[in-house]
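Colleague: Starting from these lines, generate the structure:
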Amino acid sequence: MPTLQALSAEYSAQWRRMAVLPGRAAVVDRIARRLLAHKPRYAAVGARAGVPWLVVAVLHERESGADFSTHLHNGDPLTARTRHVPAGRPRTGAPPFTWEESAVDALAMRGFAPRPAPGNGRAGDDAGERWPIERIAYECEGYNGWGYRSHGTPSAYLWSFSNIYRGGKYVADGVWSDGAVDQQCGVMPLVARLAELDPSIELDGRPRAAASPAPAALPVSPAPAVPPVPAAPRPPAVPQPGAARRRGCLALAAAAVVSAAQLLAGHRALAAGAAALGALAAFLLLRSRSSKRKGDD
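Modeller: Numbering: from 1, shown residues only. You can find the predicted model right below:
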């Protein structure tokens, strides 16, 4: 079995290069949010087994689609001991098993020591140990098995749905297919998305960088006192005519309007009279000329 020390550089480089395939990003997000909703349950098991809760969560998803009615060992139903590899688990107790007791047994098989009480509660360090990303990858690959390495391909269990996985998988226990492509999400894309959704997760064993505090406000010197500017003198008020004077003005204006109207009417009457006199004069002149012609005859 390879050691963590021997594989750490490989895991670190793969983690830095990993990118979720664009067509799989929505699926990864949906699964991660579903796992995060069950964080208290995963944390309780992780605290007993000495494993960070997110590792329990991604293993559960990979083994059974996060079905709480199945064994964490391999997805077999809890109504009986496991039938597939590893078969006959848990060895103690009687079915049906609770998911929690079966999960603790599955993790104990990997050598994690059961703990009687919860740890310190930090999401990435539930066991009181540092779990950098290299160890998460190492423990998850070991949980599934090292068979992918004998075929020279990155483990689908770790990297499926990312650019690291190139295809090929075990289609049954011990049965390999070069042409098969894994259709389940690998644990590492889920770890990455969980860390984005839950800021309490620590992937490198160190606290996440805290936001830089806002700079202290610089002291502001008080502005020099400015003497008040005297107000400009107001112009003297112009006396306004009283009510009686206003009424007199209005009366004069009305009289002027009436006089103008009368004058205009007089002018029209004179013009009419002059026209009549002109017509009469013309008539008399014509009669006079007519009478003179008759006399000459």
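
Colleague: from memory residue 98 sits against residue 78, does it?
Modeller: Yes: taking Cβ atoms under 8 Å as the definition, residue 98 is a contact partner of residue 78 at 7.3 Å. Where you see a C-beta, it was placed from the backbone N, CA and C, and this is true even at glycine.

Colleague: who has more neighbours, these two?
Modeller: Neighbours per residue (other Cβ atoms under 10 Å) separate residue 98 from residue 78, with residue 78 holding more: 19 against 11.

Colleague: Mind pulling up the pLDDT for that one?
Modeller: Residue 78 is assigned a predicted lDDT (pLDDT) of 97.

Colleague: got it, and the one 4 residues further on?
Modeller: For residue 82, the model assigns a pLDDT of 97.

Colleague: again, but for the one 10 residues further on
Modeller: The confidence metric pLDDT takes the value 93 at residue 92.

Colleague: Could you count how many residues lie near it?
Modeller: 7.

Colleague: quick one: contacts for it?
Modeller: residue 105 (Cβ atoms under 8 Å, 6 or more residues apart in numbering).

Colleague: Just to check, residue 53 is in contact with residue 43?
Modeller: Yes: if you go by Cβ under 8 Å, residue 53 and residue 43 touch, sitting 4.0 Å apart.

Colleague: Not including adjacent chain positions, what is the nearest residue to residue 15?
Modeller: Closest residue in space to residue 15, ignoring its immediate chain neighbours: residue 133 at 5.1 Å, by Cβ to Cβ, 6 or more residues apart in numbering.

Colleague: repeat for residue 33
Modeller: Closest to residue 33 by Cβ to Cβ, 6+ apart is residue 197, at 6.7 Å.

Colleague: Does that neighbour touch residue 34 like I think?
Modeller: No: here residue 197 does not reach residue 34: they are 11.0 Å apart, not a contact under Cβ under 8 Å.

Colleague: picking that back up, between residue 53 and residue 43, which has more neighbouring residues?
Modeller: Neighbour count, other Cβ under 10 Å: between residue 53 and residue 43, residue 53 has more, with 28 against 20.

Colleague: Now do the helices in this structure.
Modeller: 4-17, 25-37, 39-49, 53-64, 99-108, 133-144, 147-150, 156-159, 187-197, 243-296 (DSSP state H).

Colleague: mean pLDDT lowest for which of those?
Modeller: Ranked by mean pLDDT, the helices of the chain end with helix 243-296 at the bottom, a mean of 55.

Colleague: how many neighbours does residue 51 have?
Modeller: There are 27 residues near residue 51, going by other Cβ under 10 Å.

Colleague: got it, and the one 5 residues further on?
Modeller: Residue 56 has 27 neighbouring residues, counting by other Cβ under 10 Å.

Colleague: Distance of it relative to residue 71?
Modeller: Distance, residue 56 to residue 71, by Cβ to Cβ, to the nearest Å: 13 Å.

Colleague: Residue 163 too?
Modeller: From residue 163 to residue 71 the distance is 32 Å (Cβ to Cβ).

Colleague: Those two: which has the busier surroundings?
Modeller: residue 71 (26 against 12).

Colleague: Thought residue 83 was touching the more buried one, still the case?
Modeller: No: here residue 71 does not reach residue 83: they are 9.6 Å apart, not a contact under Cβ under 8 Å.

Colleague: so how far is residue 149 from residue 162?
Modeller: Counting by Cβ to Cβ, the gap from residue 162 to residue 149 is 18 Å.

Colleague: between these two, which one's more packed in?
Modeller: residue 162 (21 against 13).

Colleague: Please look at the more buried one and residue 17 and confirm they touch.
Modeller: No: contact between residue 162 and residue 17 fails when scored by Cβ under 8 Å: they sit 9.0 Å apart.

Colleague: intersection of neighbour lists for those two?
Modeller: Joint contacts of residue 162 and residue 17 (Cβ under 8 Å, 6+ apart) do not exist.

Colleague: Which residue, other than its chain neighbours, is closest to residue 67?
Modeller: Here the residue nearest residue 67, using Cβ to Cβ, 6+ apart, is residue 75, at 7.1 Å.

Colleague: count of residues packed around the one you found?
Modeller: Around residue 75 there are 16 residues (other Cβ under 10 Å).

Colleague: Now for it: which residues touch it?
Modeller: 63-65, 67, 84.

Colleague: Out of these, which end up buried?
Modeller: 63-64 (16 or more other Cβ atoms under 10 Å).

Colleague: out of the contacts of residue 75, which one sits closest to residue 189?
Modeller: residue 65 (15.4 Å; Cβ to Cβ).
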